[in-house]
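K.L.:
Let's see this in three dimensions:
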Amino acid sequence: MTQRPEPRQPDPNIVLYDTLTRQKVTFEPTTPGRVGMYLCGPTVYSDAHLGHAKKEVAFDVIRRSFTHFGYQVRYVANITDVGHLQNDSDDGEDKMLARARLEQLEPMEVADKYMWSFVKDMEALNVLKPSINPRATGHIGEQIALIEELIARGHAYESAGSVYFDVR
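P.N.:
Predicted coordinates for the structure are as follows:
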């Protein structure tokens, strides 16, 4: 029977650049020894492109670094499979519906087709799979509740049927 190596103690001397304060700060996880990472994953209505790869590879390096330095990492990357409008504006048709019509498929067939294509592309780049891959369509209720809470707390506001975040 092979013995597993002892888990490494997390390195307490990781320094990161805080873009808000524009200073280097010592990394302190909320829960000692653990890191939670969330990445807004792809909108799966078409094939992956270089921008997808850049983001995925960059966060894969960060994830692997935390693991190397002894942290246990939970890495969540969502799949946006609904609700992304053409030209990233507040009007127009949903990209998934437009692609479904073009390919004569159901919207969820489009989402599955391009999600699995994306997974294959990231495997080819040796990017680690996320710990969890939630799909947007599975969490619409929670998204609505969060938006309502943000509005109630004054962190977001509604205008002409859209919700905007108050970044001040």
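K.L.:
going forward, measure contacts between C-alpha atoms and count neighbours the same way
P.N.:
Fine.
K.L.:
Test my guess that R135 contacts V76.
P.N.:
No - look at R135 against V76 with CA atoms under 8 Å: they stay out of range, at 10.8 Å.
K.L.:
the helices in the protein, which residues?
P.N.:
Taking DSSP state H, the helices of the chain run over residues 50-68, 95-103, 107-124, 140-152.
K.L.:
With distance to G41, mean neighbour count and mean pLDDT added, can I get the ones you listed in CSV?
P.N.:
Formatted as CSV, the entries for the helices of the chain read as follows, by distance: least, CA to CA, whole Å; neighbours: other CA atoms under 10 Å; pLDDT from 0 to 100:
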stretch, distance to G41, mean neighbour count, mean pLDDT
helix 50-68, 8, 15, 94
helix 95-103, 15, 17, 89
helix 107-124, 10, 17, 94
helix 140-152, 16, 13, 93
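K.L.:
need those in JSON lines with distance to G33, can you?
P.N.:
Formatted as JSON lines, the entries for the helices of the chain read as follows, by distance: least, CA to CA, whole Å:
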{"stretch": "helix 50-68", "distance to G33": "10"}
{"stretch": "helix 95-103", "distance to G33": "39"}
{"stretch": "helix 107-124", "distance to G33": "27"}
{"stretch": "helix 140-152", "distance to G33": "28"}
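K.L.:
can you tell me which of those helices comes nearest to V163?
P.N.:
Using CA to CA as the criterion, the shortest distance between V163 and these is 7.9 Å, found for helix 140-152.
K.L.:
The closest one - contacts with which helices or strands?
P.N.:
Under the contact definition 3 or more CA pairs under 8 Å, 6 or more residues apart in numbering; DSSP states H and E, helix 140-152 sits against strand 156-159.
K.L.:
I would like the residues contacting the strand it packs on, please.
P.N.:
147, 150-151, 163-166 (CA atoms under 8 Å, 6 or more residues apart in numbering).
K.L.:
now stretch 146-156, how far from the centre of its chain.
P.N.:
Stretch 146-156 sits 21 Å away from the centroid of its parent chain (CA atoms, centre = their mean, to the nearest Å).
K.L.:
CA-only coordinates of that stretch in CSV, if you can.
P.N.:
Taking C-alpha atoms only, stretch 146-156 is exported to CSV below (Å, rounded to 0.1, in the frame of the first residue of the first chain):
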residue,chain,number,x,y,z
LEU,A,146,-29.5,38.2,-5.2
ILE,A,147,-30.5,41.0,-7.6
GLU,A,148,-33.4,41.9,-5.4
GLU,A,149,-31.2,42.0,-2.3
LEU,A,150,-28.6,44.2,-4.1
ILE,A,151,-31.3,46.6,-5.1
ALA,A,152,-32.8,46.6,-1.5
ARG,A,153,-29.4,47.4,-0.1
GLY,A,154,-28.8,50.2,-2.5
HIS,A,155,-25.9,48.4,-4.4
ALA,A,156,-27.9,48.2,-7.7
